[in-house]
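>>> below: sequence and its predicted model.
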Amino acid sequence: MKIGYARVSTSGQTLDAQLEQLGAAECDRVFKETVSGARSDRPELKKALDALTDGDVLIVTRLDRLARSTRDLLDIVHTIETRGAKLKALTDAWADTTTPTGKLILTVLGGLAEFERSLIAERTAEGRERARRAGRRLGRPPKLSPYQREAVLKMRRNGQDGERVLGG
């Protein structure tokens, strides 16, 4: 089965061109929505992904209608593939997991994204370590002042509930 997905970001835009292209691609079912691609909770995309079964193809007119970033695209492709389905973008011929070339390109993109994530994690860990060595405190700042913390500890030692007294 061919399942189409069409999306526009605002109500001022129209789905007409996408729906025409998906119709020409002979989609059996089309999910459409008007919601920003930056939102991760796109109900019609979720329904489209849930509708996929083994051998189906999710068809979009362009990849930017489906994903907001490479990471998002790879996550969506992973979901599609775990359902035994494929992805095809009509105007982005390289994004077609029904072909060996499309699979290769998305695999390379996935490898690059994973490499980038590991570099970011490594740099973040190095930055935290440098901050610790410099004596900087990491994490959220304390909500209570040193005076308030001492007052709560004193109340606790005296058997009082410090939270209630401070209005927490």
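Perfect, I can see it now. Numbers count the residues shown, from 1 in each chain.
>>> now do the SS call for Ser11.
On the three-state scheme (DSSP: H, G, I helix; E, B strand; the rest coil), Ser11 is labelled coil.
>>> the residue nearest to it when sequence neighbours are not counted: how many residues sit nearby?
Leaving aside its chain neighbours, Ser11 sits nearest to Thr34 (5.5 Å; criterion: Cβ to Cβ, 6 or more residues apart in numbering). Using the backbone N, CA and C atoms, a C-beta is placed for each residue, glycine as well. Thr34 is flanked by 15 other residues according to other Cβ atoms under 10 Å.
>>> also Asp75?
14.
>>> check which helix or strand it maps to.
helix 70-82 (DSSP states H and E).
>>> quick one: the helices in this protein, in order.
Using DSSP state H, the helices of the chain run over residues 16-24, 43-51, 70-82, 100-133, 146-157, 162-166.
>>> go through those and name the closest to Leu90.
helix 16-24 (5.6 Å; Cβ to Cβ).
>>> pretty sure Cys27 is touching Val60, no?
No: contact criterion Cβ atoms under 8 Å: Cys27 and Val60 do not qualify, at 10.1 Å.
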